[in-house]
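# Sequence and predicted structure below; questions after.
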Amino acid sequence: MGIPEGMTAAGRDGVAGVVAQPSRTVVALDFDGTLAPIVADPASARAHPGAAAALAALAPLVDSVVVVTGRPAAVAVEYGGLADVPGLERLTVLGQYGAERWEAATGEVVAPEVHPGVAGVRAELPAALARAGAPEGTWVEDKGRALGVHTRRTADPDAALDLLRAPLAELAERHALIVEPGRMVLELRPPGVDKGAALTGYLAERGPGPVVYAGDDLGDLPAYAAVERRRAEGLPALLVCSGPVTGEPPVRELADRADVVVPGPAGVVELLSGLAELIRAR
Ligand SMILES: O=P(O)(O)OC[C@H]1O[C@H](O[C@H]2O[C@H](CO)[C@@H](O)[C@H](O)[C@H]2O)[C@H](O)[C@@H](O)[C@@H]1O
């Protein structure tokens, strides 16, 4: 059975709600650290080998499945192997914290104009990193409408983050961007969107019903808050924290608010499979 022990009472209510009303249930999932194991090189990240199959088994049983990610939507689709998968014909991917939207039905990404501040940050970032003394291994991920500064491959990733936080905040602010902190990364991105707004907008489209959300990082906290608001309205919900399997500590704020902490993407895949099993067995 893929439903882990030790879930909160509210989480058990969430599971019961999903099983009672699958056709009204939205299943929302983060990508890196939740569907895809964390790896040192962001370009090498790929979904857990069982992820697409678990999603494809669950999707026809529920209202909808949506991936809500900081990645560009097209990148999550590619790294997730999520295009042209039987069972995932209705999949939605909300990328760049909700700024982009990809639908399996069209295979296209819809997104607004790139924020003008991104070009300025892109131009100034190398000099800003040099001035700040960014250690060897600091790596910039250019996501088109945002830039991520990764420290995972430096000798001391946390110290590197501490060193870079203030200079990157100053650079972002001068170009009207914000800094989104994550697991060994500081992302300079436009304000006005986050996973909470993205998920709230998506849930409003789908109507009232149970919701499952799984995430692993600070950027998932606004989505947790969106789910907690639904729960306060009396709708069943299940909050899942995908705990790190890399040796790093879990994101405490997330683990403390989750109904259950599972061991990384393998645990998420098992839980999704367990939900599908329970729905089919009802
Ligand atoms: O919202 P997510 O799907 O969780 O995306 C958040 C960021 O994830 C990626 O970085 C993280 O995963 C990398 C690959 O495992 C890892 O090397 C890095 O340390 C993590 O922070 C991605 O590179 C970013 O673009 C996403 O915004």
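Yes, it's here.
# For the rest of this, base every contact and every neighbour count on C-alpha atoms.
Will do.
# Any stretches of this structure with poor pLDDT?
Within the chain, the segments meeting pLDDT under 70 span 1.
# Need phi/psi at P263.
phi -80, psi 80 (degrees, to the nearest 10).
# What's opposite it in the beta bridge?
Per DSSP bridges, the residues bridged to P263 are G243.
# Give the closest residue to the residue of the stretch 151-282 of the chain at minimum distance from the ligand in space, chain neighbours not counted.
Using CA to the nearest ligand atom, R183 is the residue of the stretch 151-282 of the chain that sits closest to the ligand, at 4.1 Å. Leaving out its chain neighbours, the residue that sits closest to R183 by CA to CA, 6 or more residues apart in numbering is D217, at 6.6 Å.
# helices and strands around the helix or strand in which R231 is found, which ones?
Element membership for R231, per DSSP states H and E: helix 221-232. Helix 221-232 makes packing contacts with helix 195-206, strand 211-215, strand 237-243, helix 252-257 when contacts are defined by 3 or more CA pairs under 8 Å, 6 or more residues apart in numbering; DSSP states H and E.
# one more time with 7 Å
Applying 3 or more CA pairs under 7 Å, 6 or more residues apart in numbering; DSSP states H and E, one finds that helix 221-232 contacts helix 195-206.
# circling back: distance between the helix holding R231 and the chain's centre?
Mean-position distance between helix 221-232 and its chain equals 14 Å (CA atoms, centre = their mean, to the nearest Å).
# Buried residues, that helix. List them.
L221, P222, A223, Y224, A225, A226, V227, E228, R230, R231 (16 or more other CA atoms under 10 Å).
# and the second one, what is it in contact with?
Residues in contact with P222 (CA atoms under 7 Å, 6 or more residues apart in numbering) are D194, K195, G196.
# count of neighbours near the last one?
When you say that, I think you mean G196. Other residues near G196 come to 21 when the count uses other CA atoms under 10 Å.
# can you give me how far stretch 180-193 is from the chain middle?
That offset, for stretch 180-193, works out to 12 Å (CA atoms, centre = their mean).
# Stretch 188-199 now?
12 Å.
# Please list the residues of the protein that sit near the ligand.
30-33, 37-42, 45, 69-71, 152, 182-185 (CA under 6 Å from any ligand atom).
# mind checking how far G120 is from the ligand?
19 Å (CA to the nearest ligand atom, to the nearest Å).
# and that residue, that's in a helix?
Yes: G120: assigned to a helix according to DSSP: H, G, I helix; E, B strand; the rest coil.
# So which of the residues of the chain next to the ligand sit within strands?
Among those, the members found in strands (DSSP state E) are G182, V185.
# From the residues of the chain next to the ligand, keep the buried residues only.
For the residues of the chain next to the ligand, buried by 16+ other CA under 10 Å: 30-33, 37-38, 45, 69-71, 152, 182-185.
# show me where the stretch 51-200 of the chain has strands.
64-68, 92-95, 100-103, 108-110, 139-142, 147-150, 178-182, 185-189 (DSSP state E, counting those that start in this stretch).
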